[in-house]
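J.: Return a 3D structure for these sequence lines:
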Amino acid sequence: MKRTHEDAEKTRLSIVDAALKVFLEMGYSRAKISDICRVANVTRGAVYWYFRNKEDILLYLADSLAHEIEQKINESFEQGTTNFEKTEIRMSFTMPPLNLLKAQFILRMQVRRMKTKQ
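T.: I've put the predicted structure just below:
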C-alpha cells in the first residue's frame, strides 16, 4: 500500500502531538523516543524518518509555537483600522512573543551545550 503525502503529514503531526503530550506529562529529560512512539502508535523508524532525535522534536515544537504566535499577531494587526489600533494590537502581543523567543533561545543554547558535552 503506497502512502500519500497526506498520510505522511498525518504521521508527522501524530508524532509531534504525542511528543508534546509526553513532554508535558513526563518532562523533557525523562521522556524517551519509545514513549513518544507508544503514544503516537508509530514505530521508532517512523519517528527517525521525520526527526533526528528528541531535541529535534522539541525544537520543532518551539518553532511551531513561535510561528503560530506570529500568525496571530499578523492576523490581529490586519484587523486594526487606524494606526492607533494597529499599534495597540501590536503592543498587546509584544511581551508574550518576546518571552517565547527568549525561551526558544535558551532552549537552543541548552541543546547545543548538551551536544558539546557528548
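J.: Any chance you could list what contacts stretch 44-55?
T.: Stretch 44-55 is touched from outside by 11-12, 15, 19, 28, 31-34, 36-37, 40, 57, 60, 111, 114-115, with contacts defined as C-beta atoms under 8 Å, 6 or more residues apart in numbering. Just so you know, the C-beta spots here come from the backbone N, C-alpha and C atoms, and that holds for glycine as well.
J.: let's see it at 6 Å
T.: For stretch 44-55, contacts defined as C-beta atoms under 6 Å, 6 or more residues apart in numbering pick out 11-12, 15, 33, 37, 57, 111.
J.: Just the buried residues of that stretch, please?
T.: Of all the residues in stretch 44-55, those buried under the rule 16 or more other C-beta atoms under 10 Å are 46-47, 50-51, 54-55.
J.: For that stretch, what does the pLDDT average out to?
T.: Average pLDDT, stretch 44-55: 96.
J.: where does this structure dip in pLDDT?
T.: Within the chain, the stretches with pLDDT under 70 are 1-2, 76-77, 79-81, 84-111, 114, 117-118.
J.: all helices of it, in order?
T.: 5-26, 33-40, 44-50, 54-79, 83-117 (DSSP state H).
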